[in-house]
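1. pasting a predicted model and its sequence here:
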Amino acid sequence: MFNSFSDVIISFGTTAKFAEEIDVPYPTAAAWKRRNSIPSKFWNSVISSAKRCGIKGITHEKLAQMASQEGGES
């Protein structure tokens, strides 16, 4: 389902929707997607926004797993 941070961002429909949902500027979200990284200080917001939007499978554990596979998060 989610193999990368980019997958997480895409799951919101658009990068703009992701940015709006977690309350970050669009250029920030676009940079995260391009770098395939979401800083850990935003994970709580990503998880709660995903739940609110009905997106299943985004958990702290999943995000941590992706971060370790990518060599860390920004």
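-> Yes, it's here. Residues are numbered from 1 along each chain as shown.
2. so where is this structure shaky, pLDDT-wise?
-> 70-74 (pLDDT under 70).
3. would you map the helices across it?
-> Assigned by DSSP state H, the chain shows helices spanning 5-10, 15-22, 26-35, 43-52, 60-70.
4. could those be laid out in TSV, adding mean neighbour count?
-> In this view, the C-beta of every residue, glycine as well, is placed from N, C-alpha and C. Formatted as TSV, those follow (neighbours: other Cβ atoms under 10 Å):
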stretch	mean neighbour count
helix 5-10	20
helix 15-22	18
helix 26-35	16
helix 43-52	16
helix 60-70	14
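5. who's in contact with the closest residue to residue 26 other than its chain neighbours?
-> Distances taken as Cβ to Cβ, 6 or more residues apart in numbering put residue 19 closest to residue 26, at 4.7 Å, once the chain neighbours are dropped. Listed by Cβ atoms under 8 Å, 6 or more residues apart in numbering, the contact set of residue 19 reads 25, 26, 28, 29, 30.
6. distance check, the third one against residue 18.
-> The one in question is residue 28. From residue 28 across to residue 18, the span is 10 Å (Cβ to Cβ, to the nearest Å).
7. now do the second one
-> In this structure, residue 26 and residue 18 are 9 Å apart, going by Cβ to Cβ.
8. and for residue 69?
-> Residue 69 is 20 Å from residue 18, by Cβ to Cβ.
9. and residue 68, by the same measure?
-> For residue 68, the distance to residue 18 - Cβ to Cβ - is 22 Å.
10. give me the distance between the two termini of stretch 47-61.
-> Criterion Cα to Cα, to the nearest Å; first-to-last residue distance in stretch 47-61 is 11 Å.
11. list the contacts for residue 15?
-> Counted by Cβ under 8 Å, 6+ apart, residue 15 has contacts 9, 26, 29, 30, 33.
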